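Visitor: pasting the structure only:
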């Protein structure tokens, strides 16, 4: 990956809805080589997928919480089962297996505190192997980016 590829990736992270001609003008190429580079970046897995970022408040997801999950023990089957379950829960936006004082970090999006309580009581706390759940709530976000620095 060279500096032009990095410029293309920065542009796509900023606005993936740009057309090839717009990106080409910004990176100093014509449309055809820019298109070919984008396709190559897709084939090689640098670009995983294109998504739309929604305004959580406007779609009724007023509560964003981070849950720190500790499992009873580090057992491969327990970890795999936990990960598989998290993939099935639509409230779980992100699930990270982490090191440190807990085992998993979850990003949860729900409508309100009642929905959060129902999620915890009916979905998360019944998952096999969970020892503790600690939750923190986002009061206000000052930086919310999905773009990687290149």
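Guide: Right, received. Where do you want to start? Keep in mind that this is a model prediction, so the values were computed, not measured. Numbering: from 1, shown residues only.

Visitor: Show me how this structure divides into domains.
Guide: 3-43, 63-137 (automatic domain parsing).

Visitor: For residue 53, find the nearest of these.
Guide: Residue 53 lies closest to domain 3-43 among those, at 9.8 Å (Cβ to Cβ). (Glycine included, C-beta is placed from N, CA and C.)

Visitor: List the buried residues in the helix or strand where residue 21 lies.
Guide: For residue 21, the host element (DSSP states H and E) is helix 20-27. Buried residues in helix 20-27, counted by 16 or more other Cβ atoms under 10 Å: 20, 23-24, 27.

Visitor: got the contact list for it?
Guide: Defining contact as Cβ atoms under 8 Å, 6 or more residues apart in numbering, one finds that helix 20-27 is touched by 4, 7-8, 11-12, 30-31, 33-35, 38.

Visitor: redo that, cut-off 6 Å
Guide: 4, 7-8, 11, 30-31, 34-35 (Cβ atoms under 6 Å, 6 or more residues apart in numbering).

Visitor: go on, stretch 95-102?
Guide: With Cβ under 6 Å, 6+ apart, stretch 95-102 has contacts from 68, 70, 86, 104-106.

Visitor: could you flag which of these are buried?
Guide: Neighbour counting with 16+ other Cβ under 10 Å marks 68, 86, 104, 106 as buried within the contacts of stretch 95-102.

Visitor: Look at stretch 44-62 and report the distance between its end residues.
Guide: End-to-end distance of stretch 44-62: 37 Å, with Cα to Cα, to the nearest Å as the criterion.

Visitor: oh, I was asking about stretch 90-99
Guide: 24 Å.

Visitor: For it, buried residues please.
Guide: For stretch 90-99, burial by neighbour count (16+ other Cβ under 10 Å) applies to 91-92, 95.

Visitor: Tabulate those (TSV), appending pLDDT and distance to residue 119.
Guide: Listed next are the buried residues of stretch 90-99 as TSV, based on pLDDT from 0 to 100; distance: Cβ to Cβ, whole Å:
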residue	pLDDT	distance to residue 119
91	98	5
92	98	9
95	98	14
